[in-house]
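Participant: Sequence and predicted structure are below.
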Amino acid sequence: MDNPGYIGLTRMKGLADEMRAVANNIANSSTTGFRSEALVFAEVLAQAPVDGGALAMAAPRAHVTDPSPGGFTATGGSFDLAIEGEGYFQVLTPQGPRLTRAGAFLIGPDGAVQNAQGAALLDAGGGPILIAPDARNVLIAEDGAISVNGQPVGQVGVFDAPPESLLREDGVTFRTDAAPDPAPEARIKQGFLEDSNVSPVEQMARMIEVQRAYELGQSFLDMEDERLREAVRTIGRTG
């Protein structure tokens, strides 16, 4: 394959990666606490025996998470929590502490407040929050303070980290190598869940654009293949 073919293939590979990201966004448009993702492309220079001595190709270099908040859905659940403003809940997974905006929690068998995957919700000091399974009248204030029957029992932690340090592990969970800081300006809304911030209409429009660009790239490769075949036939006839 000659240089135009390599350039066309790198473009199509990048478009295929972007299509996967767009499809994942659409699939999670109803996932609580999900934040959409996009790809950042960079120009890659490859040394080649051509004018200028190099070829310029594009390749995906980073995944970027859209930090804009989603809407809120009222559930009335005592342990359904949403964050108004910047910040994340911190949960303890088998791999260590992780950050998330997905605030659907429940009381586990051991009394720890946890999500559906069993990751414990951490308090402002980084420890698990324990509440008796039969507790009633659980109130969680905007600052995260928890009271049961009017008695304080803990405080939900809300933390923040530099956006560039966040690495997505799954749809709603992020890992960071930076030490998360408290997010004092954030407000917790009890009885609400944050919706996905994906706009299905925008993502569908983007999917169509990517698909059309991919089809154009395929047409270019087909024409380039036919050009090479014709060159070989011509050389064969004149040889």
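Facilitator: Nice, thanks for sending it over.

Participant: When you work out contacts or count neighbours from here on, use the C-alpha atoms and nothing else.
Facilitator: OK.

Participant: shouldn't F89 be in contact with A104?
Facilitator: No. Taking CA atoms under 8 Å as the definition, F89 is not a contact partner of A104, at 10.7 Å.

Participant: Of those two, which one has the most company?
Facilitator: Higher neighbour count among F89 and A104: F89, with 24 against 21, using other CA atoms under 10 Å.

Participant: Specify the beta-bridge partners of the more buried one.
Facilitator: With DSSP bridges as the criterion, the beta-bridge partners of F89 are T100, V158.

Participant: list the contacts for it?
Facilitator: The contact partners of F89, taken as CA atoms under 8 Å, 6 or more residues apart in numbering, are 99-103, 121-122, 156-159.

Participant: which residues touch the helix or strand harbouring L81?
Facilitator: Using DSSP states H and E, the element containing L81 is strand 81-84. Residues outside strand 81-84 that contact it (CA under 8 Å, 6+ apart): 72, 101-105, 186-194.

Participant: Now do L221, the pLDDT please.
Facilitator: We have a pLDDT of 68 for L221.

Participant: quick revisit: partner strands of the strand holding L81 and their direction?
Facilitator: Sheet pairing here is set by DSSP bridges, and for strand 81-84 it gives strand 187-190 (antiparallel).

Participant: Let me know the average pLDDT across the strand it pairs with.
Facilitator: Mean per-residue pLDDT for strand 187-190: 97.

Participant: do stretch 106-116 as well
Facilitator: Stretch 106-116 shows a mean pLDDT of 93.

Participant: show me the contacts for E226.
Facilitator: Contact analysis of E226 by CA under 8 Å, 6+ apart lists nothing.

Participant: so is it in a helix, a strand, or just coil?
Facilitator: Secondary structure, DSSP: H, G, I helix; E, B strand; the rest coil: E226 is helix.

Participant: which residues in this protein form helices?
Facilitator: 3-27, 200-238 (DSSP state H).

Participant: returning to that earlier point: how about the strand holding L81: buried residues?
Facilitator: Neighbour-count burial for strand 81-84 flags 81-84 (criterion: 16 or more other CA atoms under 10 Å).

Participant: Quick check: G77 vs A145, distance?
Facilitator: Going from G77 to A145 by CA to CA, to the nearest Å gives 16 Å.

Participant: So if I had to pick from the two, which one is more boxed in?
Facilitator: A direct count of neighbours by other CA under 10 Å for G77 and A145 places A145 higher, at 17 against 14.
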